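**Student:** Starting from these lines, generate the structure:
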Amino acid sequence: MTGSTNTVKGASRTGMRTRKIAACGMFAAIAAVLMFFEFPLPVAPPFYKLDLSEIPVLIGTFAFGPIAGVVIEFLKIAVKTAIKGTSTAFVGEIANFVIGCSMVIPAGIIYKMNKSRKTAVIGLITGTLVMTAAGALINAFVLLPAYSAAYGMPLDAIIGMGTAVNASVKDVFTFVLICVAPFNLIKGVIVSVLTLLLYKRISRFVKGAGEGNA
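**Tutor:** Just a heads-up that it's a prediction; the model follows:
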């Protein structure tokens, strides 16, 4: 009986692992598709565009944990890059991955400590704030100089596009403070609200393949 029980348990674990892998792949595919649907926000220059691809990543993170969230984030960008290619020598894709993980990892860790709606909200708020800070730093020291070099556009010209949105933008510091930080903050709020609403609706699915329910 013991051998038979162990066999059943092993088969059950294998089946659950297979469902998790399939679900992570599905979340990554949905996220990659969502990356193609983007729109600007009035707080930033038009080349900053909001997409909702972090929603399936966060849902997968809540279902399977922060490590799975990082994997889904990576697969999302890999699929999108394979389809569309890169125009920034992969600098933009790497930055997208790092900024996405800066929201996903804190949210996933906090939620994993105590799976409840309250900790999901706390995790999403924390993730949004971390992403806002990380996005500002990465833009200031990596993205803006990289885009300037990649497109042969002087950094002052990019800052000037920020000035056209808000006259208070004078340099890189004010650009990331006035344009980039609010953009990521708004993105985090929108993604967080929709994640909470959608995760509850698909809780039966994630309970079947994952670790819990908010």
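**Student:** Low-confidence ranges, this protein, go.
**Tutor:** Low-confidence segments of the chain (pLDDT under 70): 1-13, 15, 89, 203-214.
**Student:** can you give me the helices for this structure?
**Tutor:** For the chain, applying DSSP state H gives helices covering 2-34, 54-64, 66-84, 91-113, 117-138, 144-150, 155-165, 172-175, 181-201, 203-209.
**Student:** how about the ones you listed in TSV, adding mean neighbour count?
**Tutor:** C-beta here means a position set from N, CA and C on the backbone, and glycine is covered the same way. Formatted as TSV, the helices of the chain follow (neighbours: other C-beta atoms under 10 Å):
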stretch	mean neighbour count
helix 2-34	14
helix 54-64	29
helix 66-84	19
helix 91-113	21
helix 117-138	20
helix 144-150	16
helix 155-165	16
helix 172-175	18
helix 181-201	18
helix 203-209	15
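**Student:** nearest to Val43, of the ones you listed?
**Tutor:** helix 181-201 (4.5 Å; C-beta to C-beta).
**Student:** quick check: angle from that closest one to helix 91-113?
**Tutor:** Relative orientation of helix 181-201 versus helix 91-113 (axes from the mean of the first three to the mean of the last three C-alpha atoms, to 10 degrees): 50 degrees.
**Student:** which non-adjacent residue is nearest Ala181?
**Tutor:** Counting by C-beta to C-beta, 6 or more residues apart in numbering, Ala181 lies nearest to Ala136, which is 4.9 Å off, once chain neighbours are set aside.
**Student:** Would you quantify the distance from that neighbour to Leu50?
**Tutor:** In this view, Ala136 and Leu50 are 16 Å apart by C-beta to C-beta, to the nearest Å.
**Student:** now do Phe36
**Tutor:** As judged by C-beta to C-beta, Phe36 and Leu50 stand 13 Å apart.
**Student:** what does Val172 give?
**Tutor:** In terms of C-beta to C-beta, Val172 sits 22 Å off from Leu50.
**Student:** Run through the residues that contact Lys80.
**Tutor:** When contacts are counted by C-beta atoms under 8 Å, 6 or more residues apart in numbering, Lys80 is found next to Ala32, Met35, Phe36, Glu93.
**Student:** Out of these, which two sit at the greatest distance?
**Tutor:** Phe36 and Glu93 (14.2 Å).
**Student:** quick revisit: now the helices of the chain in CSV, please, with extra columns for distance to Ala44.
**Tutor:** Below are these laid out as CSV (distance: least, C-beta to C-beta, whole Å):
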stretch, distance to Ala44
helix 2-34, 19
helix 54-64, 17
helix 66-84, 21
helix 91-113, 14
helix 117-138, 11
helix 144-150, 12
helix 155-165, 6
helix 172-175, 9
helix 181-201, 4
helix 203-209, 33
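**Student:** Please identify which of these is closest to Pro42.
**Tutor:** helix 155-165 (7.3 Å).
**Student:** Packing partners of that closest one?
**Tutor:** Helix 155-165 sits against helix 144-150, helix 172-175, with contacts defined as 3 or more C-beta pairs under 8 Å, 6 or more residues apart in numbering; DSSP states H and E.
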